[in-house]
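> give me the fold of what follows.
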Amino acid sequence: MALMPKRVKHRKSQRRRIKGNALRGNTVVFGEWGLQSMDAGHVTAQTIEACRIAATQYVRGIGKVYIRVFPHKSVTSRPLETRMGKGKGEPDRWVAIVKPGTVMFELTGVDKAGARDCFNRVAHKLPVRVRLVGRRPVVQ
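Here you go, the predicted structure:
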């Protein structure tokens, strides 16, 4: 089942441009390895679910997968061959806005080679370029 918010204040949202780099959610927090976006874009709820399935099948029993993005934004569409006018279309799908630097998925319980193999499967499903990042040591 695809991710979507339980309730929203407004059913339809404006598109807006995706500007700048991610200021929050750009470091590995929960796991040891992360999949970081290098491009800006929209990742649909179905894509997030497909990535989740691919990652959990790979680390079955030995690791844990963390999903760091959630589709909050609704995208509307009009039926095909519809004339201009008649207003904005109905909500069609939910997307997560991803900026460059956003850590989308995290893994724990696997080594670097295993994380690379797992995230390689996930990266093929994503519409943005990604890279593997490790957890930074805590400076005290």
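
> most remote residue from the middle of this protein, which is it?
Distance from the centre of the chain peaks at residue 83, with 33.4 Å (Cα atoms, centre = their mean).

> double-check that that residue belongs to a helix.
No: Residue 83 sits outside any helix when classified using DSSP: H, G, I helix; E, B strand; the rest coil, being coil.

> gap between it and residue 111?
The gap separating residue 83 from residue 111 is 57 Å, by Cβ to Cβ, to the nearest Å. For every residue, glycine as well, the C-beta is placed using N, CA and C.

> could you do residue 99 as well?
In terms of Cβ to Cβ, residue 99 sits 29 Å off from residue 111.

> which stretches of the protein have low pLDDT?
1, 138-140 (pLDDT under 70).

> longest helix in it, please.
helix 45-58 (DSSP state H).

> helices or strands next to that one in the packing?
strand 64-67, strand 90-98, strand 103-108, helix 112-123 (3 or more Cβ pairs under 8 Å, 6 or more residues apart in numbering; DSSP states H and E).

> quick check, residue 115 in contact with residue 33.
Yes: counting by Cβ atoms under 8 Å, residue 115 touches residue 33, with 3.8 Å between them.

> mind listing the shared neighbours of the two?
Both residue 115 and residue 33 are contacted by 107, 132, under the criterion Cβ atoms under 8 Å, 6 or more residues apart in numbering.

> residue 116 and residue 134 touch, don't they?
No: the pair residue 116 / residue 134 is not scored as a contact, 11.0 Å apart, by Cβ under 8 Å.

> counting neighbours, what do you get for the spatially closest residue to residue 118 that is not a sequence neighbour?
In space, and not counting its chain neighbours, residue 118 is closest to residue 58: 4.3 Å by Cβ to Cβ, 6 or more residues apart in numbering. As a burial measure, residue 58 scores 20 neighbours (other Cβ atoms under 10 Å).
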